[in-house]
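Based on what follows, work out the 3D shape:
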Amino acid sequence: MFQELLFGLSAAIAYGVVGAVLMILGYVLVDVATPGKLRDLIWVHRNANAAILLVSGLLGVGIILTTAIAASADDLIYGLIGTLAYGLLGLILMGLSFLLIDAVTPVRLGDELATESVHPGTWVSAAAHVVIATIIAAAIW
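Next comes the predicted model:
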């Protein structure tokens, strides 16, 4: 019983590390998409557009990782690899959705993310992130 607890705790730590790495990578991707430093936009300038996009990416990663972990086999290494792979796929597809939306709209979304007023395009990109994450989660399950 104690061994099972230790295994569960070590698995939780390992999955937590994978999750943290993917969330940091997601943060970096949003930072690259926005002009200026993301941390300043959100925490200094209180920019809602940047915060909405970051939150949608974090929620998306969380949806994907939670599903990948829940669906993973009892093999910890296989589960970690699968979780990492699905998480990376999610980040790639969320990034591509941002670029696609940016390509078909008349304004650059990255520039609009830096404006003070909330731009409707931010909500479109945020919704795309959550939908993509949900689709990947369904594919995992």
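
lowest average confidence, helix or strand, in this protein?
For the chain, counting by mean pLDDT, DSSP states H and E, helix 109-113 ranks last in confidence among helices and strands (a mean of 81).

That helix: which residues count as buried?
Using 16 or more other CB atoms under 10 Å as the test for burial, helix 109-113 gives 109-110, 112-113. The way it works is simple: take the backbone N, C-alpha and C, and place the C-beta from them, glycine included.

Output those as a markdown table; include the columns distance to residue 80.
Converted to a markdown table, those look like this (distance: CB to CB, whole Å):
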| residue | distance to residue 80 |
| --- | --- |
| 109 | 33 |
| 110 | 33 |
| 112 | 37 |
| 113 | 33 |
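
Just flag the most distant two among those residues.
Between any two of the buried residues of helix 109-113, the greatest separation by CB to CB is 7.3 Å, found for 110 and 112.

Can you pull out the residues in contact with the helix or strand containing residue 130?
Element membership for residue 130, per DSSP states H and E: helix 120-140. Residues from elsewhere that reach helix 120-140 (CB atoms under 8 Å, 6 or more residues apart in numbering): 48-49, 52-53, 55-57, 59-61, 63-64, 66-68, 71, 86, 89-90, 93-94, 97-98, 101, 105, 107, 109, 112-113.
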